[in-house]
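[1] build the 3D model from these lines:
(2 chains)
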Amino acid sequence: MLDLQFVCDNAAAVALNCQNRGVDCDIPAIVSLRDKRGELIIEGDQYRQEQNDIASRIPKAAPGDRPALVERGKELKGLVSANKDALATVEEQLKEQLGRVPNMTHPDAPVGVEGEHVILREVGTKPSFSFTPKDHVELMHTLDLLDLESGSRVAGHGFYFLKNEGVLLELALVQYAVEKLRQEGFTIYTTPDVARDDVLHGTGYQPRGPETQIYSIDGTDLSLIATAEIPLGGMLKDEILQVDSLPMKVAGISHCFRTEAGGHGKATRGIYRVHQFTKVEIFGFTAPDVAISDAFHQNVVRIEEEIFQGLEIPYRVIDTPSGDLGGPAYRKYDLEAWMPGRGDGGEYGEVTSASNCTDFQARRLGIRCKSDEWKGTRFVHTLNGTAVACTRAIIAILENHQQADGSVNIPNALRKWVGTDRLTPRKA
RNA sequence: GGAGAGAUGGCUGAGUGGCCGAAAGCGCCGGAUUGCUAAUCCGGUAUGUCCUUCACAGGGCAUCUCGGGUUCGAAUCCCGAUCUCUCCGCCA
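    Modelled structure (predicted):
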């Protein structure tokens, strides 16, 4: 959520930003609702002032004067109540409108619609095969790492069982990411896999809508988390931090649940797009200064890149265009890993994303900080990024490191946890 | 799952309808004093929001977990929610 005052003071810039991001917002309506809200607040305060005045005079008033005062008090009670209702209506409308306004955008982020991204760099060498590379579905079948049929039987399409070394690979990736993040000074957590709706909203997710990506639990205000970003951001909800304690670097291991409503297509083969996966997520709270959060953002991307370099997987880094940014993001970088079995002759597939949300999430979550340098409190900046999303990392590992005989070499970085340097076929 | 207790300012903790934005202590800030990294004394010390003001500042309103209700008036009474703690049960 943006600051109301900021939106009203910079209405033209905000409207332009909405346009660049392809989001339909009525900024003039927000300004007029803000004005209406101000009038109602003043009116209500005046009624309450009189109310307080009368209440304090009654005990001291001569008995004959009391009935008139009580009468006026009753009248005021009605006025205050009506004012409160009117204000609540306006605030609800305001919240609705303001809630749709996305974060402002980094001046260097590319302006454009989905797909008009900027490729910042390509790293690593794509493997060249003397044979036709298999895709991960085929590899996982012959290596006996995956059971999609059982997944469907138990939970429906989009669910799966990992099996044998498939399990070890997932655990190894988690270990690998956790080790890396601890070296980088992150405090690691396992998080709840569910969160309250207000935490979802605070982090910018929309539970219970018709097009929601979120599974919610009927009869409760809980939803399954789509990413550990949600509980990690929520863990400091309504807290006031000392600015010296920032940046706060945390990371979480969680399951992620996504309905993927309307997500059927060719990209859904195998475990590329699934309803549940395991992910290690990076999260940071920084001082409210764009230079500081920008630097942290670069650092998150650096860590993500080092993780994929360690897995010996070629990738490219994408600067996401304005039209493709989620509401809370000020800027977002994606890592796309090379997946030789994807599409026709290989394609890049998204494996991580790293977003700087500036104070957009913090404002709604009420996460503030204070300092001797300024009066009052300010909203911190929050950032999040994927360390490892297991299913997609597994795809990239298997497809890039496959051999002519159908075996797959395990990247050196994972061997100590997988317990072998090579996976060999079990099935035809 | 059952039974009980609780939630007050940076912290501890008083307060059972108007004199309470809230005692006291601690902490913190300023000052006084004292020849020993201490003690004592005096004063100050919440936040949000709106309005006035160039500004200094002043004023209104709100806030005793949150949301409703009763009342002319609620930290205080009633209802609901959330969270915390204790005991019992159950359980990986």
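[2] which parts of chain A sit against RNA strand B?
    A:5, A:38, A:41-42, A:44-46, A:48-49, A:51-56, A:58-59, A:69-70, A:73-74, A:76-77, A:81, A:376-377 (Cβ under 7 Å from any atom of the strand). (Glycine included, C-beta is placed from N, CA and C.)
[3] strands of the stretch 151-300 of chain A, start to end?
    For the stretch 151-300 of chain A, the strands defined by DSSP state E, counting those that start in this stretch cover A:161-162, A:187-190, A:194-196, A:222-224, A:240-242, A:248-257, A:276-286.
[4] any idea of the angle the longest one forms with strand A:248-257?
    Interaxial angle, strand A:276-286 versus strand A:248-257 (axes from the mean of the first three to the mean of the last three Cα atoms, to 10 degrees): 160 degrees.
[5] which strands and helices sit next to strand A:276-286?
    helix A:165-183, helix A:229-234, strand A:248-257, helix A:290-310, strand A:381-389, helix A:390-400 (3 or more Cβ pairs under 8 Å, 6 or more residues apart in numbering; DSSP states H and E).
[6] partner strands of it, with direction?
    strand A:248-257 (antiparallel), strand A:381-389 (antiparallel) (DSSP bridges).
[7] dump these to JSON lines, plus mean pLDDT and mean neighbour count.
    Shown next, in JSON lines, are the strands paired with strand A:276-286 (pLDDT from 0 to 100; neighbours: other Cβ atoms under 10 Å):
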{"stretch": "strand A:248-257", "mean pLDDT": "94", "mean neighbour count": "22"}
{"stretch": "strand A:381-389", "mean pLDDT": "96", "mean neighbour count": "28"}
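[8] nearest to residue A:269, of those?
    strand A:381-389 (16.8 Å; Cβ to Cβ).
[9] what's the angle from the closest one to helix A:390-400?
    Using the same axes, to 10 degrees: strand A:381-389 against helix A:390-400 is 50 degrees.
[10] follow-up on the earlier one: of the strands paired with strand A:276-286, which approaches residue A:15 most closely?
    Among those, strand A:381-389 sits nearest to residue A:15 (Cβ to Cβ), with 23.8 Å.
[11] kindly calculate the angle that the closest one makes with helix A:165-183.
    150 degrees.
[12] CA atoms of strand A:381-389 as PDB?
    What follows is strand A:381-389, C-alpha atoms only, in PDB (Å, rounded to 0.1, in the frame of the first residue of the first chain):
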ATOM      1  CA  HIS A 381      11.800  -1.600   3.500                       C
ATOM      2  CA  THR A 382      11.200  -5.300   2.800                       C
ATOM      3  CA  LEU A 383      12.800  -7.500   0.200                       C
ATOM      4  CA  ASN A 384      12.400 -11.100  -0.700                       C
ATOM      5  CA  GLY A 385      14.000 -13.600  -3.000                       C
ATOM      6  CA  THR A 386      14.100 -17.200  -3.800                       C
ATOM      7  CA  ALA A 387      17.100 -19.200  -2.600                       C
ATOM      8  CA  VAL A 388      15.900 -22.500  -4.000                       C
ATOM      9  CA  ALA A 389      12.600 -23.600  -5.300                       C
END
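[13] tell me how far that strand lies from the chain's centre.
    Centre-to-centre, strand A:381-389 and its host chain are 8 Å apart (Cα atoms, centre = their mean, to the nearest Å).
[14] rank the strands of the stretch 151-300 of chain A by mean pLDDT and give me the bottom one.
    When mean pLDDT is averaged over each of the strands of the stretch 151-300 of chain A, strand A:240-242 scores lowest at a mean of 82.
[15] neighbouring contacts of it?
    A:248, A:285, A:367-371, A:377, A:380 (Cβ atoms under 8 Å, 6 or more residues apart in numbering).
[16] now do stretch A:146-162
    A:137, A:140, A:145, A:163, A:166, A:169-170, A:260, A:268, A:270-271, A:273-276.
[17] of those - the most surrounded one?
    In terms of neighbours by other Cβ atoms under 10 Å, the contacts of stretch A:146-162 top out with residue A:140 at 28 neighbours.
[18] measure the nearest residue to it once chain neighbours are set aside to residue A:316 for me?
    Spatial nearest neighbour of residue A:140, excluding adjacent residues (Cβ to Cβ, 6 or more residues apart in numbering): residue A:146 at 3.8 Å. Distance, residue A:146 to residue A:316, using Cβ to Cβ, to the nearest Å: 27 Å.
[19] if you count what's nearby, which of the two comes out ahead?
    residue A:146 (24 against 17).
[20] measure that one to RNA strand B for me?
    27 Å (Cβ to the nearest atom of the strand, to the nearest Å).
[21] retrieve the pLDDT associated with that residue.
    96.
[22] the residue in the stretch 251-400 of chain A that RNA strand B sits nearest to: neighbour count?
    In the stretch 251-400 of chain A, the residue that lies nearest RNA strand B is residue A:376 (3.2 Å; Cβ to the nearest atom of the strand). Applying other Cβ under 10 Å, we find 7 residues neighbouring residue A:376.
[23] for it, report the pLDDT, please.
    Residue A:376 is given a pLDDT of 75.
[24] ok, the residue lying closest to it once chain neighbours are set aside - contacts?
    Nearest residue to residue A:376 in three dimensions, chain neighbours excluded: residue A:370, at 7.2 Å (Cβ to Cβ, 6+ apart). Applying Cβ under 8 Å, 6+ apart to residue A:370 gives the contacts A:240-243, A:376-378.
[25] just the buried ones from those residues, in ChimeraX syntax?
    Buried residues within the contacts of residue A:370, by 16 or more other Cβ atoms under 10 Å, are selected in ChimeraX with:
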select /A:241,243,377,378
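[26] residue contacts, the residue lying closest to residue A:43 once chain neighbours are set aside?
    Distance criterion Cβ to Cβ, 6+ apart; nearest residue to residue A:43, sequence neighbours excluded, is residue A:83 at 5.7 Å. Taking Cβ under 8 Å, 6+ apart, we find residue A:83 in contact with A:40, A:43-44, A:47.
[27] separation between residue A:83 and residue A:239?
    For residue A:83 relative to residue A:239 (Cβ to Cβ), the value is 32 Å.
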